[in-house]
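> structure, please.
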Amino acid sequence: MPRWTCGIDDCDAAFDDVESAIVHQTNGHQRHKCQVCGTIVPDGYFAIRHAFDEHTRAEFVRSYDADSAAVRRREEIKREIEREADLQRVVERLDRDE
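Model prediction:
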């Protein structure tokens, strides 16, 4: 049974490896405009990474009208992906797809 699901909007695409899920999110969905700074990034993991690597939690909460549970959930998703993903492999797959 696939372990990773897309999770963007109502997309229930499922994948055996996290790298495939990230590639799907990047290529299969519209880009996301950061509500803090306006930067356009792929939705899903890359949007979460941008939000928490580039901005404070307080900026995220204010800009997205989020609560602490939403912050914790996204931080956990980010940690879990980064614990398991070979991000270099993701970049290589995305480069091949261009």
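
> how many neighbours does Arg96 have?
Other residues within reach of Arg96 by the criterion other C-beta atoms under 10 Å amount to 8. Using the backbone N, CA and C atoms, a C-beta is placed for each residue, glycine as well.

> who are the contact partners of the residue positioned nearest the centre of the chain?
By C-alpha atoms, centre = their mean, the mean C-alpha position of the chain lies nearest to Tyr45, the distance being 1.2 Å. The contact partners of Tyr45, by C-beta atoms under 8 Å, 6 or more residues apart in numbering, come to Ala21, Ile22, Gln25, Ile77, Lys78, Ile81.

> give me the buried subset of those residues.
Ala21, Ile22, Gln25, Lys78, Ile81 (16 or more other C-beta atoms under 10 Å).

> what is the nearest of those to His50?
Nearest to His50 among those: Lys78, at 10.4 Å, using C-beta to C-beta.

> quick one: the helices in the chain?
Secondary structure of the chain, counting by DSSP state H: helices at 18-28, 45-54, 57-64, 68-84, 87-97.

> of all the ones you listed, which lies closest to Cys37?
Using C-beta to C-beta, the nearest of the helices of the chain to Cys37 is helix 45-54, at 7.0 Å.

> just the residues contacting the worst-scoring helix or strand of the chain on mean pLDDT, thanks.
When the helices and strands of the chain are scored by mean pLDDT, DSSP states H and E, helix 87-97 comes last with a mean of 89. The contact list for helix 87-97, computed with C-beta under 8 Å, 6+ apart, reads Glu19, Ile22, Val23, Thr26, Asn27.
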